[in-house]
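Undergrad: Compute the structure for the input listed below.
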Amino acid sequence: MTALGDVPPDSTLTSDSQKQSAALKETLEDYTLRFAPRSYRKWGTGVVATSALGGIAYLADFAIGANIGISYGTGNALWGILVFAVVIFLTGLPLAYYAARYNIDLDLITRGSGFGYYGSVVTNVIFATFTFIFFALEGSIMAQGLELGLNIPLPIGYAVSTLMVIPLVIYGMKALATLQVWTTPLWLILMVLPFVYLVVSNPDSIGQFMAYGGADGAAGTGVNLGSVMLAAGVCLSLIAQIAEQIDYLRFMPPKTPENSRRWWTAVLLAGPGWVIFGALKQIVGLFLAVYLIANVVDGSSIANEPVHQFLEIYENFMPGWLAMTLAVVLVVISQIKINVTNAYSGSLAWTNSYTRVTKSYPGRLVFVLFNLAIALILMEANMFDFLNNILGFYANCGIAWIAVVASDIVFNKYLLKLSPKVPEFRRGMLYAVNPVGFGSMAVSAILSILVFFGAFGPAIKPYSPIVALVLAIVLPPVLAVATKGKYYLRRTDDGIDLPMFDEYGNPSDATLLCSVSGMEFERPDMIASAKKGSNGETLYISSLSLSTDKTGEHILPEQT
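TA: Have a look, this model is predicted:
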């Protein structure tokens, strides 16, 4: 084997490989298609965790909590939120660990967790859909705030909330980390203040909250399993949020004996722990909605709009002009904090899928604009009025994807040992499609969607999220056993003798020269090329260059 850095760049560069220079601009492209190298990961565990949690500053939770409470009553909504929190924490834990430990995003995890190199493209589309749905939801909330505070018409407010994100999301993780860390304290104060005021100054509001039976009062204070599951289904549309948390967690520093406790704390809080904060926000959103319905004239018409929720409470203990200012500031900060993440993560998902399918790299910024354009169309179509239906439908797809990957990690990797424990994402090492994950997700998503639309009768209709969850957990180990794990790895040897990990199990920071791009990449991102050098020596190629290789001349043959 040749020494590191000794291999000269391939002299027969194609135009496609030359175009990779855009993807190699790390400040702009933020490792869209690949492993996040140690040389780039300079943030401490606290900064990464704060940045990740800053992305859940969205006000959609307040609207979701209010909507399910108004539809199904407080009791059913609270139980639905509990179901949502437990499912998301348990499914998100293995995914967050893998992202932080191996420094890869959820698409790269998905590839080696039962889907295959091309099979995971469909999950990228599911994730991209999540980002523009929730961008549109947050943008709608911001537009409501701009209309209320500045008399800006909603259609213009939608455009403003979309366009203002573009300059902030261009520069990737470095800019996002700074934004999230500096805006979090103010956001926390503005969000918590009205809730604390209500509980202290109006203790009767707690009793009103617990007794609330929904808009028509039919739910009463009792609990109905069907209503609980309908409420949980709406909340579970947020299950794909773990992918956005992972877009930050992949930049975690290496885990060592010295930082082990801090590392685990950050992973748990900023990974699956996001749902604790999300559930609390949903409960507060419902609490504020019930207060408005019971105590404000025409409160029922604005109870599910977060800007009105906060404005009405602020006005109880401060001058009107200050209440309006703070309500608008809260909405704007919240919208920016989450929608820079939505735009960022959506661009990663679209770019990754497009590059794999077409073998060409247009640049992440192209898909920032593409994702925002779809979100703007949804806002202009007034998606806010159909929130429950949109989120309830989407939940089935999100659950099918996330639960399948979690099941593959827990059962197939650790218990059955049929799936390789170390995640693999490189082209040539994986089969195009693995029926274990891809098939499990397709079956669970399709059947749960049919249940959601009543194809199997009204009695089972509320339980579509449970159908998706159970099938997504059970099918991966069943199919892995049936196929004997045959379709996980196309090769077990990547042709490089250097160890993949250091003494603590972290991805190695040793570098190799890519023969196509002429740049050095860290060991986990490299693979031997099938094309030999002029003297028959082994050449190496990065996963990025390999993903845009249209000729296939660099792909190693399948091992038999």
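Undergrad: Please name the residues that touch the nearest residue in space to Gln559 that is not next to it in sequence.
TA: The shortest distance from Gln559 to any residue that is not its chain neighbour, by C-beta to C-beta, 6 or more residues apart in numbering, is 4.6 Å, and that residue is Arg491. Backbone N, C-alpha and C define where each C-beta goes, glycine included. Contact criterion C-beta atoms under 8 Å, 6 or more residues apart in numbering gives Gly428, Met429, Leu556, Glu558, Gln559 as the residues in contact with Arg491.
Undergrad: burial measure for Leu78, as a count.
TA: For Leu78, the count of nearby residues is 23 (other C-beta atoms under 10 Å).
Undergrad: Could you do Leu150 as well?
TA: The local packing count at Leu150 equals 11, with neighbours defined by other C-beta under 10 Å.
Undergrad: again, but for the one 10 residues further on
TA: By the criterion of other C-beta under 10 Å, Val160 has 17 neighbours.
Undergrad: Provide the backbone phi and psi angles at it.
TA: Backbone geometry at Val160, expressed as degrees, to the nearest 10, gives phi -60, psi -50.
Undergrad: Let me see the contact set for the closest residue to it other than its chain neighbours.
TA: If the residues on either side of it in the chain are set aside, Val160 comes closest to Leu146, at 6.5 Å by C-beta to C-beta, 6+ apart. Listed by C-beta under 8 Å, 6+ apart, the contact set of Leu146 reads Ile152, Gly157, Val160, Ser161, Val328.
Undergrad: May I have the secondary structure class of Leu146?
TA: helix (DSSP: H, G, I helix; E, B strand; the rest coil).
Undergrad: what's the distance between it and Val357?
TA: When distance is defined by C-beta to C-beta, to the nearest Å, Leu146 is 38 Å away from Val357.
Undergrad: one step back: does the residue nearest to Gln559 sit in a helix or strand, and which one?
TA: With elements taken from DSSP states H and E, nothing contains Arg491; it lies in neither a helix nor a strand.
Undergrad: Tell me the pLDDT of it.
TA: We have a pLDDT of 95 for Arg491.
Undergrad: going forward, begin numbering at 15 instead of 1
TA: All set: I'll call the first residue 15, so the last point we hit is now Arg505.
Undergrad: And it, its phi and psi?
TA: Torsion angles, degrees, to the nearest 10, at Arg505: phi -140, psi 150.
Undergrad: circling back: please report the distance of the residue nearest to Val174 from Ile147.
TA: Distance of Leu160 to Ile147, computed by C-beta to C-beta: 21 Å.
Undergrad: what's the answer for Glu326, then?
TA: 27 Å.
Undergrad: So for the two, which residue has more residues nearby?
TA: With neighbours defined as other C-beta under 10 Å, Glu326 and Ile147 compare such that Ile147 has more, 23 against 20.
Undergrad: wait, what's in contact with the nearest residue to Leu429 once chain neighbours are set aside?
TA: Excluding the flanking residues, the one nearest Leu429 by C-beta to C-beta, 6+ apart is Pro491, at 7.8 Å. Pro491 is in contact with Ser421, Phe425, Asn426, Leu429, Leu430, counting by C-beta under 8 Å, 6+ apart.
Undergrad: Show me the longest helix that occurs in the protein.
TA: In the chain, taking DSSP state H as the definition, the longest helix is helix 334-372.
Undergrad: quick one on the thing from earlier: which strand or helix spans the residue nearest to Leu429?
TA: Taking DSSP H and E as the criterion, the element that holds Pro491 is helix 478-497.
Undergrad: Past that helix, which element shows up next along the chain?
TA: Using DSSP H and E, the helix or strand that follows helix 478-497 towards the C-terminus is strand 525-527.
Undergrad: In the sheet, which strands lie alongside that following strand, parallel or antiparallel?
TA: Partner strands and pairing direction for strand 525-527 (DSSP bridges) are strand 534-536 (antiparallel).
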